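Participant: sequence unknown, structure follows:
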């Protein structure tokens, strides 16, 4: 468990300062052309017997490994919360503010509540709790890594569901990112209701695809 112990440095330091419920927070989906931004907040136990081997930046893990770890994280977490902010809100307030809002909701939805928050990147949240941002935190912090895995697994599954309603865009393969196939589909089909209009201006001709009747 040496690797995970290294990743508990921030949590251990905060515990020594008197904090007992440190929440790691991360997001996935800031860059895609479609779909929500998804954020997770998670408070993990730090006793040796509870540690989960293999927690890391979710982008470094295979889908199968991420899914297995996500189940373990949910089982062992003291608390976790996953939130999403939809494309229409991203268009309205911009992706940075949408991400901050999503993280805030995730933190405030934790039960039991956190007493300190650590976030990935360089992100200050509008919350009453003390907080710290950690560059590359998803790779350096056990708690933030756990949050990144929960957010990634949740969003990938969500985009696979959207792919059933909007098959032209290949969301099950690209998760809404701007792949060549996805961009070609936007040019051919127009956009669907989960596209971010502020993100697709270079490729979009103004047409909006009528959603299927069951959505």
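Facilitator: Good, I have the coordinates. Owing to the predicted nature of the structure, the values given are computational and were not obtained by experimental measurement.

Participant: low-scoring pLDDT stretches of this protein, where are they?
Facilitator: The chain contains residues with pLDDT under 70 at 1-5, 210-215.

Participant: now the strands for it?
Facilitator: 22-28, 37-43, 79-85, 116-120, 131-134 (DSSP state E).

Participant: now those as a markdown table including distance to residue 101?
Facilitator: The way it works is simple: take the backbone N, C-alpha and C, and place the C-beta from them, glycine included. As requested, the strands of the chain are arranged in a markdown table below (distance: least, CB to CB, whole Å):
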| stretch | distance to residue 101 |
| --- | --- |
| strand 22-28 | 11 |
| strand 37-43 | 9 |
| strand 79-85 | 6 |
| strand 116-120 | 13 |
| strand 131-134 | 15 |
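
Participant: Adding mean neighbour count, write those strands out as a markdown table.
Facilitator: A markdown table is the format used below for these (neighbours: other CB atoms under 10 Å):
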| stretch | mean neighbour count |
| --- | --- |
| strand 22-28 | 29 |
| strand 37-43 | 30 |
| strand 79-85 | 21 |
| strand 116-120 | 25 |
| strand 131-134 | 17 |
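
Participant: Looking at these, which is nearest to residue 146?
Facilitator: Distance to residue 146, taken as CB to CB, is lowest for strand 37-43 among those, at 4.8 Å.

Participant: need the contact list for residue 188.
Facilitator: Neighbour list for residue 188: residue 168 [criterion: CB atoms under 8 Å, 6 or more residues apart in numbering].

Participant: do that again at 10 Å, thanks
Facilitator: When contacts are counted by CB atoms under 10 Å, 6 or more residues apart in numbering, residue 188 touches 168, 205, 207.

Participant: Compare those and tell me which is most surrounded.
Facilitator: Greatest neighbour count in the contacts of residue 188, by other CB atoms under 10 Å, goes to residue 168: 16 neighbours.

Participant: pretty sure that residue is touching residue 183, no?
Facilitator: No. Here residue 168 lies out of contact with residue 183, judged by CB atoms under 10 Å, at a distance of 12.0 Å.

Participant: so what's in contact with these two at the same time?
Facilitator: Going by CB under 10 Å, 6+ apart, no residue sits against residue 168 while also sitting against residue 183.

Participant: count of neighbours near residue 18?
Facilitator: Residue 18: 8 neighbours (other CB under 10 Å).

Participant: Could you number the chain from 33 rather than 1 from now on?
Facilitator: Sure thing, new numbering starts at 33, so read that last one as residue 50.

Participant: what sits against it?
Facilitator: Residue 50 neighbours (CB under 10 Å, 6+ apart): 147-148.

Participant: what do you get for residue 51?
Facilitator: Taking CB under 10 Å, 6+ apart as the test, what residue 51 contacts is 43, 45, 146-149, 161-162.

Participant: What's the ChimeraX line that selects buried ones from those?
Facilitator: Buried residues within these, by 16 or more other CB atoms under 10 Å, are selected in ChimeraX with:
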select :43,146,148,149
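
Participant: By neighbour count, which bits of the top helix by length along the chain are buried? Give me those.
Facilitator: Longest helix in the chain, counting residues (DSSP state H): helix 174-197. Using 16+ other CB under 10 Å as the test for burial, helix 174-197 gives 174-188, 190-191, 194-195.

Participant: any idea how far that helix is from the chain center?
Facilitator: The chain centroid and the centroid of helix 174-197 are separated by 6 Å under CA atoms, centre = their mean, to the nearest Å.
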